[in-house]
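Colleague: turn this into a structure:
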Amino acid sequence: MKSIVKITILVSLIVIAGCATTTENDTEEANKTASALYAEAKSALAQEDYETAIQKLESLEARFPFGKYAQQAQLDMAYAYFKFEEPESAVASADRFIRLYPRHPNVDYAFYLKSLVRFTQGHSAFDKISGTDPAKRDPESARKSFLYFSQLVSRFPDSKYTPDAIERMKYLRNSLARHELYAAEYYMKMGAYVAAANRTKYILENFYMTPSTKEALLIMIDAYEELQLDKLAADAQRVYDLNFQATNPDNS
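Modeller: Next comes the predicted model:
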């Protein structure tokens with residue numbers, strides 16, 4: 001019986017000590033200045049400890065929402081969420097910054113960051129190892145990324161992020177065209193010629209002169225021929241000949 005009492009007392013002392021330590025830590029955290037919290041957050045970011053950085057930045061924003069560090073804290077939080085692989089939180093933080101500070105000198109970075117978040121969602125390390133084309137994946141993130149990059153380019157043509165955004169938009173446009181091409185090829189194999197023709201038409205209307213254009217025209221010709229739509233097939237053939245028919249100099 002005495003042993004049970006001793007154990008109970010010991011456990012109680014440990015719990016009390018733990019509570020005291022927690023209270024001390026909470027008090028210490030609550031007494032930190034905005035500059036101290038921000039310095040700790042930046043240090044955590046530099047060490048790639050993104051979870052700690054997020055905690056510090058959230059604490060800073062909650063306690064000092066109108067201080068001089070609050071704006072930068074929100075932008076840093078979007079980046080920390082991005083690196084912590086929390087894409088929805090990263091985009092939400094960037095959008096909140098854009099909404100609250102539309103005239104901030106670094107608002108172009110918020111647009112760039114949320115574009116980059118969606119861009120990386122369409123890729124994975126496994127794709128590189130396996131050689132899988134990201135265009136075979138769900139294109140929703142690629143479409144959003146293209147839209148966000150285009151907003152950055154149109155609103156901030158002189159931004160230092162714009163040249164990179166333009167290059168990524170070219171990549172995304174080609175990727176989205178390939179996605180439609182894969183779908184058109186699948187429909188041809190299934191004998192769904194109307195669906196195949198519609199997919200290739202979409203490529204020509206939205207992604208003309210991407211590397212997928214040539215193959216799209218060939219599929220379109222085949223689909224219309226299968227549907228016995230001779231005039232449409234001939235029109236598609238004419239476009240193909242005009243753009244891709246190689247000219248043999250020996251026969252000229």
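Colleague: just the element for Y182, please.
Modeller: helix 162-190 (DSSP states H and E).
Colleague: give me the distance from that helix to the chain's centre.
Modeller: In terms of CA atoms, centre = their mean, to the nearest Å, the centre of helix 162-190 is found 16 Å from the chain centre.
Colleague: flag every buried residue along the helix or strand containing L113.
Modeller: Per DSSP H and E: L113 is located in helix 107-121. Residues 107-119, 121 are the ones in helix 107-121 that count as buried (16 or more other CB atoms under 10 Å). Every residue, glycine included, has its C-beta placed from N, CA and C.
Colleague: what do you get for stretch 53-66?
Modeller: 53-57, 59-61, 64.
Colleague: how much space separates R155 from Y161?
Modeller: 11 Å (CB to CB, to the nearest Å).
Colleague: got it, and A142?
Modeller: Distance from A142 to Y161, counting by CB to CB: 18 Å.
Colleague: the two: which has the busier surroundings?
Modeller: A142 (23 against 19; other CB atoms under 10 Å).
Colleague: correct me, but the more buried one touches R173?
Modeller: No - using CB atoms under 8 Å, A142 makes no contact with R173, being 9.4 Å away.
Colleague: pLDDT on stretch 92-99, on average?
Modeller: In this model, stretch 92-99 carries a mean pLDDT of 96.
Colleague: cool, and stretch 53-62?
Modeller: 94.
Colleague: next: stretch 178-187.
Modeller: 96.
Colleague: got the contact list for that stretch?
Modeller: 133, 135-136, 139, 142, 193, 195-196, 199-200, 202-203, 207, 211-212, 215-216, 219, 223 (CB atoms under 8 Å, 6 or more residues apart in numbering).
Colleague: about what we covered before: and for R155 and Y161, which residues touch both?
Modeller: Common neighbours of R155 and Y161 (CB under 8 Å, 6+ apart) are 108, 111.
Colleague: if we can go back for a sec, buried sites along the helix holding Y182?
Modeller: Buried residues in helix 162-190 (16+ other CB under 10 Å): 162, 165, 168-169, 172-173, 175-181, 183-185, 187-188.
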